[in-house]
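[1] Just need the structure, nothing else, for what follows:
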Amino acid sequence: MTVQVHVYAQASAEAAPEVELAYHEISKILLGTPGLIRNTLFADAGTPGRYLVVSEWTDMAAFQAWETGPDHRVQTAPLRPYLDPGPSGRRFSTVAAYTNGALADSHGGADERARNPS
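    Numbers count the residues shown, from 1 in each chain. The predicted structure is shown next:
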């Protein structure tokens, strides 16, 4: 079951481009990290300078192995000055997802129950 980790960042409107640069720098470093499926940067539509980074991992073990590993702090250093510690670090496991109108199973395929509910 995949796991999502949410990290929040905040900067002044003037420093917002620095957050985006830090995100891109870290993402390039993390290419090929075992267990990391993807990460996405979201900008708060109503508040310039507020961001959410969502990383998706194959499972909690993969995330924890990276998080407790020796490279984690160095790899994420460019974003650390902007972290909003309040809600950051929350971890979510996938419970259900819909893809193209069908319930997706844990392997990303469509669940037969979604097509033929009984």
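[2] Tell me which stretches of this structure form strands.
    Taking DSSP state E as the criterion, the chain carries its strands at 3-10, 36-43, 50-57, 90-93, 97-99, 102-104.
[3] okay if I get these as a markdown table plus mean pLDDT and distance to residue 27?
    (C-beta placed from N, C-alpha, C; glycine too.) Below are the strands of the chain laid out as a markdown table (pLDDT from 0 to 100; distance: least, C-beta to C-beta, whole Å):
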| stretch | mean pLDDT | distance to residue 27 |
| --- | --- | --- |
| strand 3-10 | 91 | 12 |
| strand 36-43 | 94 | 6 |
| strand 50-57 | 92 | 9 |
| strand 90-93 | 65 | 19 |
| strand 97-99 | 71 | 23 |
| strand 102-104 | 58 | 25 |
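[4] Need those strands in TSV (columns: mean neighbour count).
    Listed next are the strands of the chain as TSV, based on neighbours: other C-beta atoms under 10 Å:
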stretch	mean neighbour count
strand 3-10	19
strand 36-43	15
strand 50-57	20
strand 90-93	12
strand 97-99	12
strand 102-104	16
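[5] out of the ones you listed, which comes closest to residue 79?
    strand 3-10 (6.1 Å; C-beta to C-beta).
[6] So for that closest one, could I get the coordinates as CSV, restricted to C-alpha?
    The C-alpha coordinates for strand 3-10 follow below in CSV (Å, rounded to 0.1, in the frame of the first residue of the first chain):
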residue,chain,number,x,y,z
VAL,A,3,2.2,6.1,1.5
GLN,A,4,2.0,9.9,1.0
VAL,A,5,4.0,12.3,3.1
HIS,A,6,3.0,15.9,3.3
VAL,A,7,5.5,18.7,3.9
TYR,A,8,4.4,22.3,4.1
ALA,A,9,6.6,25.2,3.3
GLN,A,10,6.1,29.0,3.6
